[in-house]
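Asker: Just need the structure, nothing else, for what follows:
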Amino acid sequence: MRTLLIHADRFQYSLRDKTKMAEEWPASEGTNSFAEVLVAFTTVEGRDKDAVGIAHEAADQIAEVAGRVDAERIVVYPYAHLSGDLADPDQAVTVLKELEKQLQEKGLEVHRAAFGWYKSFDISCKGHPLSELSREIVVSPEDMRAAMGEGTYSVMTPDGTISDVEEYSSKDDDFGIVVSKEALKIDLGARKEPEYFRLCRKFGISWERMSDSGHMRWEPKAALIFDLISDYSLIAARGTGIPIYLMKGTNMFNLQEPAVREHADLFGDRLYSVEEGKKRFILRYAACHQQFAIMRDWTISYRQMPFGAFEVADSYRLEQSGECQLLFRVRRLNMPDLHIVCRDTEEAYDWFKKVHDRVMNEAKKLGIEYEMLINIAGQKSFEDNRAFIESLVREMERPALLHFYPEGINYYWTINIEYMMIDEGKRPREIGTVQIDIGNSRRFGITYADEQGGKQYPIILHTAIIGTIERYLYMIFDAAIKKEQSGGRGALPVWMNPEQVRILTVSERHLERAKDIMSSLQENGIRVGLDDRVETVGKKVREAKQDWVSYALVVGDRELESDRLKVYDRGENKDIEMALGQLIDRIRGETKGYPNRPMYFPSNLSKRIV
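Answerer: As a prediction, the model looks like this:
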């Protein structure tokens, strides 16, 4: 909202003609005249979605000025010329009426002029130093939450009992860590460099120094890992059973578009923005903008529902530069965003449960048990969804942390679950998410035709089943580090290892046999490296282990005379004797159901840039 406040000796206005958005107004009030008045020329902007909040802040500021100039009479005068970003007429009238009401509650005499009329006016400004003042009034959801509190936390046990968080804060288990950090805000304090940074360096992941803070670069091994995870995120999404439409589009959206502005206001101040002339664009922070912009142009029938929309979306969040951390907290992230469009609440519950199961199972594949932080948009949302929430906690057979957001904020969602792992540093880390969205179909104008041909607004589920590409890899690295700390060998899953097999030659005369083995493996879609350098076998073996190759085998005189191979298996940390066909079958079994890509760098180590 923007206001121009003029302290006047007199102010008179007359209604002339209606515009198409004019509110009804009594003819007897067509002309009004006031003496000793503070006139508040007021523009309601597109971002002013919280009518009560913005009116409350505006009333405080107008009343403060009225007190300073000793004015007891206020005219709230709608004025569309203080901003280029105007609220829609209905919202503007709602805000203006609320402003009138809140000023009256402060004991002021208030008159509100009609909205949507052409008017003539005459004003005589007093001319003292405080007689002309302008104000820009902004109230974000974060501001409202700060004023109203950050909400409350409770614990739900598998039998549905609600308990105080203090009962769990002293427990030295994963759930106790979540409660301490999230609910009680216990600071873990400064720590040494995280262990996984070592793996980032090993595979070529670092900050790009020629870009903004929080932007990463991926060297060839890392780029291959990235693309394999991206491919797998679609497999995981399809694993829910939902029919999926793949989409692509832009990452930049115009803030003059009301739906974009409204959605951006909900996100707060972590927005990347770009200005071009008088236009301001935001860089998207998830795939929502593009997917919803496409879906609102579709003609959707109940017969085609439910369905999913998917994109691995490059997304941008202006995190504090000092808080950026490789893979975990970055300014450019890649979100495998799946939106499931449902007809009603029951259908949304059904697919929420399927997504929930898939999220939990993806973590279990890595030996991880997620803890659940269930965010709830107020007490009413909890009562409306309690039975469903209880069913999820009961099935998990462990307690879950409930976060009740403050009442009075117009949330677009009802339930939002964050799935948290506990990393090797004993820190809770959000990876997967799923939420029920009841607001964005209206905001973006997404509708479907029901059985009677009527227009309905769908419920939309938001989920990133494996989390962002970056955080999924964070979880992989963390699992490997924990394995090392327990006495084993850290290893990547075979399907995502940039180099699944490395063949090590003893001397040049063993090279042809090594090339034959490499060809057989490559024909079966296996990524193979050939260490053809003139180095000792000991050094080659040592470097293969340092590079975390899944399988390494030496080709010497024995292998020239026999089909049997001595293969080092990193996952089991031991040598295994097997035939080449057995090795192929073994790798096929370990990579079944996962994506495959060729190597992004030369197979021959003699050709690789170090």
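Asker: Longest strand of this structure, counting residues only.
Answerer: Longest strand of the chain, by residue count under DSSP state E: strand 2-18.
Asker: now stretch 340-355, how far from the centre of its chain.
Answerer: Offset of stretch 340-355 from its chain centre (C-alpha atoms, centre = their mean, to the nearest Å): 20 Å.
Asker: now do stretch 290-297
Answerer: 18 Å.
Asker: do stretch 169-184 as well
Answerer: With C-alpha atoms, centre = their mean, you get 24 Å for stretch 169-184.
Asker: I'd say Glu109 and Ala71 touch.
Answerer: No: taking contacts as C-beta atoms under 8 Å, Glu109 lies outside contact range of Ala71: 9.5 Å. No exception for glycine: its C-beta is placed from N, CA and C like everyone else's.
Asker: Neighbour count for those two, which is higher?
Answerer: Neighbour totals were compared for Glu109 and Ala71, and Ala71 leads with 21 against 13 (other C-beta atoms under 10 Å).
Asker: Which of the helices or strands spans the more buried one?
Answerer: Using DSSP states H and E, Ala71 sits within no helix or strand.
Asker: right, and it touches Val39 too?
Answerer: No: using C-beta under 8 Å, Ala71 makes no contact with Val39, being 9.5 Å away.
Asker: what touches both of these two?
Answerer: His7 (C-beta atoms under 8 Å, 6 or more residues apart in numbering).
Asker: lowest-pLDDT helix or strand in this protein?
Answerer: helix 141-148 (a mean of 50; mean pLDDT, DSSP states H and E).
Asker: Just after that helix, pick out the following helix or strand.
Answerer: Taking DSSP H and E, what comes next after helix 141-148 is strand 152-156.
Asker: what comes into contact with the helix or strand following that following strand?
Answerer: Proceeding C-terminally, strand 152-156 gives way to strand 162-163 as the next helix or strand, assigned by DSSP H and E. For strand 162-163, the external contacting residues (C-beta under 8 Å, 6+ apart) are Ser154, Val155, Met156, Thr157, Pro399, Leu402.
Asker: could you redo the last one with a cut-off of 7 Å?
Answerer: Ser154, Val155, Met156, Thr157 (C-beta atoms under 7 Å, 6 or more residues apart in numbering).
Asker: In CSV, list the C-alpha atoms belonging to the next helix or strand after it.
Answerer: Moving toward the C-terminus from strand 162-163, the next helix or strand (DSSP H and E) is helix 174-178. Extracted C-alpha coordinates of helix 174-178, given in CSV (Å, rounded to 0.1, in the frame of the first residue of the first chain):
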residue,chain,number,x,y,z
ASP,A,174,17.3,-38.8,16.3
PHE,A,175,13.8,-37.6,17.3
GLY,A,176,15.2,-35.9,20.3
ILE,A,177,17.7,-34.0,18.1
VAL,A,178,14.8,-32.8,15.9
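Asker: where are the low-confidence patches of the stretch 151-300 of the chain?
Answerer: Along the stretch 151-300 of the chain, the parts satisfying pLDDT under 70 run over 188-191, 267-269.
Asker: Next, please give the residue ranges for the helices of it.
Answerer: Listed in chain order, the helices of the stretch 151-300 of the chain (DSSP state H, counting those that start in this stretch) span 174-178, 196-203, 220-238, 258-267, 288-295.
Asker: Identify, out of the ones you listed, the most deeply packed stretch.
Answerer: Mean neighbour count (mean count of other C-beta atoms under 10 Å) peaks for helix 288-295 among the helices of the stretch 151-300 of the chain, with a mean of 23.
Asker: Just checking, which helix or strand succeeds that helix along the chain?
Answerer: Heading towards the C-terminus - elements assigned by DSSP H and E - helix 288-295 is followed by strand 300-301.
Asker: ok, back up a step: can you flag the buried ones in the contacts of strand 162-163?
Answerer: Ser154, Val155, Met156, Thr157 (16 or more other C-beta atoms under 10 Å).
Asker: gap between the last one and Asn416?
Answerer: In this structure, Thr157 lies at 21 Å from Asn416, with C-beta to C-beta, to the nearest Å as the measure.
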